[in-house]
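S.K.: Requesting a structural model of the entry that follows:
(one chain, ligands or ions: 1)
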Amino acid sequence: MDSLAHRPFVKMNGLGNEILVLDLRADPVAVAPAAARALARREALPFDQAMVLYPPRRPDTSAFVRILNSDGSASAACGNGTRCIAALEAEATGSGHVRFESEAGLLDCRVHADGTVTVDMGAPRFSWRDIPLARDVDDTSAVTIAGFEQFGPASLLSMGNPHAVFFVPDADAVDVEGLGAALEHHPLFPERANISFASLTGPDAILLHVWERGAGRTRACGTAGCATAVAAARTGRTGRTVSVRLPGGLLGIEWRPGDDGRESGHVLMTGPVEREFSGLITPAMLGEAA
Ligand SMILES: N[C@@H](CCC[C@H](N)C(=O)O)C(=O)O
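M.R.: Prediction:
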């Protein structure tokens with residue numbers, strides 16, 4: 001099997017969410033979960049998500065993107081990583097309008113003159129089968145989760161990946177590390193879930209801490225920012241345009257009104273990216289003999 005050794009990489013971050021970009025469009029090779037786990041080790045190229053670019057499947061996109069968490073599992077969506085690859089593609093092509101495709105669908109991105117990037121993350125989905133949940137529930141905007149009743153009901157939704165959002169009085173005071181894994185693996189979530197604890201800090205301002213499926217505690221999570229903004233608007237806590245403060249910094253989120261109903265609108269996420277360094281993957285990073 002082809003190895004990833006000697007392939008180029010770019011290490012970036014989106015609000016401190018650690019992103020590894022592997023552009024395999026010229027010579028595609030599958031990235032096995034074990035290879036992703038080896039690369040994510042502290043001694044290798046620690047990342048929260050790897051964004052792996054493959055040749056486009058649709059003519060109106062630059063690449064098909066596979067997203068891998070640091071535990072080797074796959075996700076269909078990653079907001080911060082999408083901003084990172086959009087910035088790289090804009091730099092390479094000279095166009096500020098970039099489109100990708102992931103398992104969750106089309107990702108339309110605009111790279112602005114100040115370096116920030118807006119991604120159209122598509123429409124949220126609220127049905128229990130789409131999230132997915134293990135069983136039907138009355139109302140996905142407020143679900144009491146067995147064993148975690150003390151946090152009140154969570155809002156459950158998909159942004160292409162599964163999210164549970166708890167609105168709590170002070171998100172800074174929540175033991176995210178202590179609770180995250182048990183909630184991520186709760187039996188209600190057959191594909192596990194990203195777990196958010198959010199507090200309102202102003203009329204349209206949210207403080208957010210996230211435990212990511214497959215990566216654990218991270219400094220930021222774009223889809224969690226989107227999911228939280230949607231859950232806050234859906235439950236009447238905020239309007240449809242909010243700022244979300246994460247440990248890594250600020251995201252601007254707008255949930256557009258839908259044509260056929262207010263819940264079908266797309267979610268636009270805007271935030272910064274940073275390019276850190278680039279290089280070639282070595283056999284040692286993959287745990288292979290040289
Ligand atoms: N960091 C991401 C989310 C990455 C995927 C997530 N951990 C999952 O498995 O669903 C973001 O910025 O959205």
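
S.K.: okay, CA-based contacts and neighbour counts for the rest of this
M.R.: OK.

S.K.: Can you get me a residue count around the nearest residue to residue 33 once chain neighbours are set aside?
M.R.: Of all residues not flanking residue 33 in the chain, residue 72 sits nearest, at 4.0 Å (CA to CA, 6 or more residues apart in numbering). When neighbours are counted by other CA atoms under 10 Å, residue 72 registers 22.

S.K.: Helix, strand or coil: sort out residue 72 for me.
M.R.: Residue 72 carries the three-state label coil when classified by DSSP: H, G, I helix; E, B strand; the rest coil.

S.K.: Contact residues of this protein facing the ligand?
M.R.: Proximity of the chain to the ligand (CA under 6 Å from any ligand atom) is limited to residues 69, 75, 77-81, 161, 194, 212-215, 221-223.

S.K.: ok, of those, which one's closest to residue 9?
M.R.: Closest approach to residue 9 among these (CA to CA): residue 81, at 13.8 Å.

S.K.: Excluding chain neighbours, what is closest to that closest one?
M.R.: Nearest residue to residue 81 in three dimensions, chain neighbours excluded: residue 19, at 5.9 Å (CA to CA, 6+ apart).

S.K.: Would it be right to say that that neighbour lies in a strand?
M.R.: Yes - with three-state DSSP as the criterion, residue 19 is located in a strand.

S.K.: from what I can see residue 289 touches residue 282, true?
M.R.: No - at 9.5 Å, residue 289 does not count as touching residue 282 under the criterion of CA atoms under 8 Å.

S.K.: Which one of the two is surrounded by more residues?
M.R.: Using other CA under 10 Å as the criterion, residue 289 and residue 282 rank with residue 282 on top: 18 against 8.

S.K.: got a list of what that one touches?
M.R.: Contact analysis of residue 282 by CA atoms under 8 Å, 6 or more residues apart in numbering lists 5-6, 290.

S.K.: Give me the distance between the most centrally placed residue in the chain and residue 33.
M.R.: The chain has residue 78 as the residue nearest its centroid, 2.9 Å off, counting by CA atoms, centre = their mean. Remark: distance between residue 78 and residue 33 (CA to CA, to the nearest Å) = 17 Å.

S.K.: Now do the helices in the stretch 101-250 of the chain.
M.R.: 176-184, 222-234 (DSSP state H, counting those that start in this stretch).

S.K.: and among these, the most buried is which?
M.R.: helix 222-234 (a mean of 27; mean count of other CA atoms under 10 Å).

S.K.: CA atoms of that one as PDB?
M.R.: Output in PDB follows, covering the C-alpha atoms of helix 222-234 (Å, rounded to 0.1, in the frame of the first residue of the first chain):
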ATOM      1  CA  GLY A 222     -16.400  25.800  13.900                       C
ATOM      2  CA  THR A 223     -19.400  23.400  13.400                       C
ATOM      3  CA  ALA A 224     -20.000  23.600  17.200                       C
ATOM      4  CA  GLY A 225     -20.100  27.500  16.900                       C
ATOM      5  CA  CYS A 226     -22.600  27.100  14.100                       C
ATOM      6  CA  ALA A 227     -24.700  24.500  16.000                       C
ATOM      7  CA  THR A 228     -24.700  26.600  19.100                       C
ATOM      8  CA  ALA A 229     -25.800  29.800  17.200                       C
ATOM      9  CA  VAL A 230     -28.600  27.800  15.500                       C
ATOM     10  CA  ALA A 231     -29.700  26.200  18.800                       C
ATOM     11  CA  ALA A 232     -29.700  29.700  20.500                       C
ATOM     12  CA  ALA A 233     -31.800  31.200  17.800                       C
ATOM     13  CA  ARG A 234     -34.100  28.200  17.500                       C
END
